[in-house]
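Asker: Got a sequence here, can you build the structure:
(4 chains)
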2 protein chains.
Amino acid sequence: MIIHSFNEDGELLPEEVDTINLLTKIPIESLNLDAIAVVTNLYRIAQGLRTKMEREVLSAYGLSWTSFSILYDLWIWNSIETKKLAKSAGITKATASNITDTLERKEFCYRKVDNRDRRITFVTITDKGKRVMEKLYPQFHENEVSIVSSLSVDEQKAMSKLLRRVIRENNF
Amino acid sequence: MIIHSFNEDGELLPEEVDTINLLTKIPIESLNLDAIAVVTNLYRIAQGLRTKMEREVLSAYGLSWTSFSILYDLWIWNSIETKKLAKSAGITKATASNITDTLERKEFCYRKVDNRDRRITFVTITDKGKRVMEKLYPQFHENEVSIVSSLSVDEQKAMSKLLRRVIRENNF
DNA sequence: TTAATATCGTTTCATAGCTAACGATTTTGA
DNA sequence: TCAAAATCGTTAGCTATGAAACGATATTAA
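Answerer: Just a heads-up that it's a prediction; the model follows:
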């Protein structure tokens, strides 16, 4: 009956119905089903987005989602420290270092130690890297638009507004 | 000035402002800034969510995000085919196979071939696995609730509704 | 100045994750 | 009936990923 009151309008996805049916049988003091719905569905879209982009756009260029996001940052900022690169992509410095290796091997970027502070390494996009992004990004963006096209512009704006609040509150 | 009309209320995150400033200089026929905002912020939360959970909850149990999601599915369904496991977690069968290896080594689950169709392998959670989830899940859920607590219940419901539409339209 | 501390990027090592190929099994179609 | 096709999970070989440790450099404190 929790299901009933929670799914009066048949709004829930089939997986959500299964999950709630089973979770409510498990002895947990307080279960916040709305929070579960937000988190689960949010992550599901992110995962789908990533997989779709890798399959339909990025694989043709031999780029993973994370490699792309690193190259994207380089495209936007031209030259940037490894640390900022890692933070922006939400990965560790170690991973950023590895991915920079890969991108460097493909000649999409190069490294240069900062002379003023020799602990810092600047990563810079090459012309080859720029050409790839100029060809790649329009395709990426097209898919991006397509994925959210089921929402009206107002709904997109409303969604972004809520998402930003979550980002701010959690320092994401 | 695009920025101006787009950020009249100071709503945008600093990274968004940087990105738009630079993207609008790049020659791309049509740029849908609302779509970019939704996709970018959505993924950013998913990444933050995953990292936070791994650091603050899952690492104590030696579980990655994906290992957890597999174990969670087993907890909910008790016994399930490898293929469904992979689909539910949004990973390939190969990865699901690897993670099942790891979980089996920790004695959180075991495999059993289906007698009616010997191509199918059922993965089943063990008592040890269940005990871990009973201890782990409340902590996970607590964080889940905390992360979306900046939204009111109505906002959470509205958000989920929009998210579900995107999932349905994209078959995510 | 010098010693202690902090910061930055890399390396190491384990697991996660993908694609492609494979062996075993079941289903289909002539 | 029986060969061809489809399906399932695993393996092989690769890159991605993070934690921890490390070397080099910079900053701080005495």
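Asker: Centre-most residue in chain A?
Answerer: Against the mean C-alpha coordinate of chain A, by CA atoms, centre = their mean, the closest residue is A:A46 at 6.2 Å.
Asker: Tell me who's in contact with the residue lying closest to it once chain neighbours are set aside.
Answerer: In space, and not counting its chain neighbours, A:A46 is closest to B:A46: 3.3 Å by CB to CB, 6 or more residues apart in numbering or on different chains. The way it works is simple: take the backbone N, C-alpha and C, and place the C-beta from them, glycine included. Counting by CB atoms under 8 Å, 6 or more residues apart in numbering or on different chains, B:A46 touches A:42-43, A:45-47.
Asker: if I look at B:A46, how far off is A:I36?
Answerer: 15 Å (CB to CB, to the nearest Å).
Asker: And for A:K157?
Answerer: Between A:K157 and A:I36 the computed distance is 26 Å (CB to CB).
Asker: more neighbours, these two?
Answerer: Shown here are A:K157 and A:I36; by other CB atoms under 10 Å in any protein chain shown, A:I36 has more neighbours (20 against 14).
Asker: Test my guess that the more buried one contacts B:E142.
Answerer: No: between A:I36 and B:E142 there is no contact under CB atoms under 8 Å: 11.9 Å.
Asker: C-terminal to the one helix or strand in chain A whose mean pLDDT sits lowest, what's the next element?
Answerer: The least trusted helix or strand in chain A, going by mean pLDDT, DSSP states H and E, turns out to be helix A:2-6, with a mean of 59. Going down the chain from helix A:2-6, the next helix or strand is helix A:14-23, by DSSP states H and E.
Asker: Name the residues that touch that next one?
Answerer: Contacts for helix A:14-23 (CB under 8 Å, 6+ apart): A:2-3, A:6-7, A:12, A:31, A:33, A:36-37, A:40-41, B:76-77, B:88.
Asker: Please pick the buried ones from these.
Answerer: Neighbour-count burial (16 or more other CB atoms under 10 Å in any protein chain shown) is assigned, among those, to A:6, A:12, A:31, A:33, A:36-37, A:40-41, B:76-77, B:88.
Asker: Quick check: of these, which lies closest to DNA strand C?
Answerer: B:S88 (12.5 Å; CB to the nearest atom of the strand).
Asker: Find the closest residue to DNA strand D in chain A.
Answerer: A:T66 (2.8 Å).
Asker: if I look at that residue, how far off is B:T24?
Answerer: 25 Å.
Asker: can you put the contacts of B:A46 in TSV and add secondary structure, pLDDT and distance to A:E104?
Answerer: Below are the contacts of B:A46 laid out as TSV (DSSP: H, G, I helix; E, B strand; the rest coil; pLDDT from 0 to 100; distance: CB to CB, whole Å):
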residue	secondary structure	pLDDT	distance to A:E104
A:L42	helix	95	34
A:Y43	helix	93	32
A:I45	helix	94	32
A:A46	helix	94	28
A:Q47	helix	92	28
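Asker: mind giving me CSV with those and columns for distance to DNA strand D?
Answerer: Listed next are these as CSV, based on distance: CB to the nearest atom of the strand, whole Å:
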residue, distance to DNA strand D
A:L42, 18
A:Y43, 15
A:I45, 17
A:A46, 12
A:Q47, 12
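Asker: Can you lay out those as CSV showing distance to B:R116?
Answerer: Formatted as CSV, the contacts of B:A46 follow (distance: CB to CB, whole Å):
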residue, distance to B:R116
A:L42, 38
A:Y43, 34
A:I45, 36
A:A46, 37
A:Q47, 32
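Asker: and DNA strand C, which of these reach it?
Answerer: Checked against DNA strand C using CB under 7 Å from any atom of the strand, the contacts of B:A46 yield no neighbours at all.
Asker: and which of the residues you listed is nearest A:E169?
Answerer: Nearest to A:E169 out of those is A:L42 (CB to CB; 14.4 Å).
Asker: what about the nearest residue to A:L58 once chain neighbours are set aside, how many neighbours?
Answerer: Once flanking residues are discounted, A:L58 sits nearest to A:F68: 5.3 Å by CB to CB, 6+ apart. By the criterion of other CB under 10 Å, A:F68 has 25 neighbours.
Asker: so what's A:F68 up against?
Answerer: Listed by CB under 8 Å, 6+ apart, the contact partners of A:F68 are A:53, A:58, A:136, A:140.
Asker: Quickly check those for the two that are furthest apart.
Answerer: Distance extremes for those: the farthest pair is A:M53 and A:L136 at 10.4 Å, using CB to CB.
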